[in-house]
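Student: how would this look folded up:
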Amino acid sequence: MIYIITHIGHSFKLYEEESGEQLLSARWDTLLGSCIGVVKDLEGSILYTIKTHFSIWKWRFKASIKKNIGLTLFLESKNGWHNLYELYYHGVKYSLKIHKGRKKSIFKNDLQIAVIDEALVEHIYRDKIKIETNSPEDIEIIFAMIFSLKIGNDKRIGLTFDFGQIGKTQPIDNEWIP
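Tutor: Below you'll find the model as predicted:
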């Protein structure tokens, strides 16, 4: 299945590409120097509350993702290059790998379940992110992981160019298809 995330300012929306149906929304704000975001369903109920942390001493990124049922998950960078992130949810390991350019991959217990491709040029204050997955049941957690990494990025500056990751990255499997 293919999904599209639109990113305008502090707001994100997740759509199913084929039907155009909106599935989730998210918004972040800054509070006392920290960025805090929420992911909501279509009825406006909060599914996740996300707060990002950065440890300058360990040079690590960490996001606490609190699920509406009280469970807190942690998305953490696993290396100093910030190109590998992991999250554990009910004994399942989700990994997000960042590749050269603006591509990312999501793995579930070391098996690839999604590829993420971001637009090169942002048009009219909007960034589009395409997700192709063979695991639609995981789209909620995939969206929360992507949103966690995007909190703090403001897309209200106009036309910009983003060439993505140009430093050390994880290898990509160009043959993977959902």
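Student: How about the contacts made by the residue nearest the centre of the chain?
Tutor: With distances taken as Cα atoms, centre = their mean, residue 146 lies nearest the centre of the chain, 0.2 Å away. Going by Cβ atoms under 8 Å, 6 or more residues apart in numbering, residue 146 touches 5, 96, 104, 116, 129, 131. From N, CA and C alone the C-beta is placed, and that goes for glycine too.
Student: So which of those residues belong to strands?
Tutor: Residues of the contacts of residue 146 located in strands (DSSP state E): 5, 96, 104, 116, 129, 131.
Student: Using a markdown table, please lay out these together with neighbour count, pLDDT and distance to residue 22.
Tutor: Below are these laid out as a markdown table (neighbours: other Cβ atoms under 10 Å; pLDDT from 0 to 100; distance: Cβ to Cβ, whole Å):
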| residue | neighbour count | pLDDT | distance to residue 22 |
| --- | --- | --- | --- |
| 5 | 22 | 93 | 11 |
| 96 | 24 | 93 | 23 |
| 104 | 26 | 90 | 22 |
| 116 | 23 | 91 | 19 |
| 129 | 21 | 91 | 14 |
| 131 | 23 | 94 | 14 |
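Student: Out of the residues you listed, give me the two with the largest separation.
Tutor: 5 and 96 (14.0 Å; Cβ to Cβ).
Student: Where does the prediction get shaky in the protein?
Tutor: 33, 54-59, 80-82, 119-126, 153-178 (pLDDT under 70).
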